[in-house]
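Undergrad: below: sequence and its predicted model.
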Amino acid sequence: MTIPTGPHSCLLLAAPDRPAFEPGVAVRVGGHSDLLTRYGQAPVTIGGAKAYEYSATDTLSMCRVVIPVSAARSVELSYQESVVADVCPLVPRHAEAAVAKLRAPDSVAMAPASRPFGAWDGCSLMAELLGQDAGKYRYKPAGLRDPFAGCHTTLVDGGETGPRLRIHYGEAPRLIRETRRIADRTVGLTRVGEDCLATWDNGPSGNRKPGSPPPSSN
């Protein structure tokens, strides 16, 4: 079963009723991958494609497979257990399926209603929101679950921090402080020093916690 955790990330579970504490294979698009980060990873071939594998078995067992898709970006699959064990045989099996999809991207079917913002990366969305001021900023992907689920900006002139954006799949936020009605949404406003954080619920994401009932379609 696949549970979306963000616009470009998901969690693969063996069964829909798996308890929340049991692990799954985490997948994210847009992970940072360059010569320096690959230095400590073992080169492997998966589905005929070059990839890199990293594993650790200290206090927990972790395996990550990185499939480069450009000089600096990758698709990452990872899995970890709270016990010491060899978990790496599990991840390449899913990575082979990812390689097959990357070779035929048009075969990937995505329903926009079930993956909000999946057609956007955070910085393209931010530039669209800034409109005529978009050229005044530099952009850096900075999402929570995957880099493309958010964006940080700085001014071209001076380097001061500009607007930031983060898209998160999960439970609806609790808006317990100041709220305003903006564009038919209830927006929570939190002031921290000179900064202002605006948070709102943009609607269902198709996400749910492992072990809980599927979201209602009503």
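TA: Looks like it came in fine.
Undergrad: I figured residue 82 was touching residue 62, is that so?
TA: No - with contact defined as C-beta atoms under 8 Å, residue 82 does not reach residue 62; the gap is 10.2 Å. For glycine as for every other residue, the C-beta is placed from the backbone atoms N, C-alpha and C.
Undergrad: neighbour-wise, which of the two wins?
TA: residue 62 (17 against 11; other C-beta atoms under 10 Å).
Undergrad: any idea how many residues pack against residue 64?
TA: 19.
Undergrad: any idea what it is bridged to?
TA: Beta-bridge partners for residue 64, by DSSP bridges, are residue 54, residue 78.
Undergrad: and the gap between it and residue 164?
TA: 27 Å (C-beta to C-beta, to the nearest Å).
Undergrad: export stretch 134-154 to PDB, keeping only CA atoms.
TA: What follows is stretch 134-154, C-alpha atoms only, in PDB (Å, rounded to 0.1, in the frame of the first residue of the first chain):
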ATOM      1  CA  ALA A 134       9.800  37.000  -8.700                       C
ATOM      2  CA  GLY A 135      13.000  38.200 -10.400                       C
ATOM      3  CA  LYS A 136      14.100  39.900  -7.100                       C
ATOM      4  CA  TYR A 137      14.800  36.600  -5.400                       C
ATOM      5  CA  ARG A 138      17.100  33.600  -5.400                       C
ATOM      6  CA  TYR A 139      15.300  30.300  -4.800                       C
ATOM      7  CA  LYS A 140      16.400  27.100  -2.900                       C
ATOM      8  CA  PRO A 141      14.200  23.900  -2.600                       C
ATOM      9  CA  ALA A 142      13.600  23.200   1.100                       C
ATOM     10  CA  GLY A 143      10.700  20.900   1.800                       C
ATOM     11  CA  LEU A 144      10.100  18.800   4.900                       C
ATOM     12  CA  ARG A 145       9.500  15.300   3.400                       C
ATOM     13  CA  ASP A 146      11.100  16.100   0.100                       C
ATOM     14  CA  PRO A 147      13.100  19.200  -1.200                       C
ATOM     15  CA  PHE A 148      10.500  20.100  -3.800                       C
ATOM     16  CA  ALA A 149       7.700  20.400  -1.200                       C
ATOM     17  CA  GLY A 150       9.000  23.800  -0.100                       C
ATOM     18  CA  CYS A 151      11.200  26.800  -1.000                       C
ATOM     19  CA  HIS A 152      13.400  29.400   0.800                       C
ATOM     20  CA  THR A 153      14.200  32.700  -0.900                       C
ATOM     21  CA  THR A 154      16.700  35.400  -0.400                       C
END
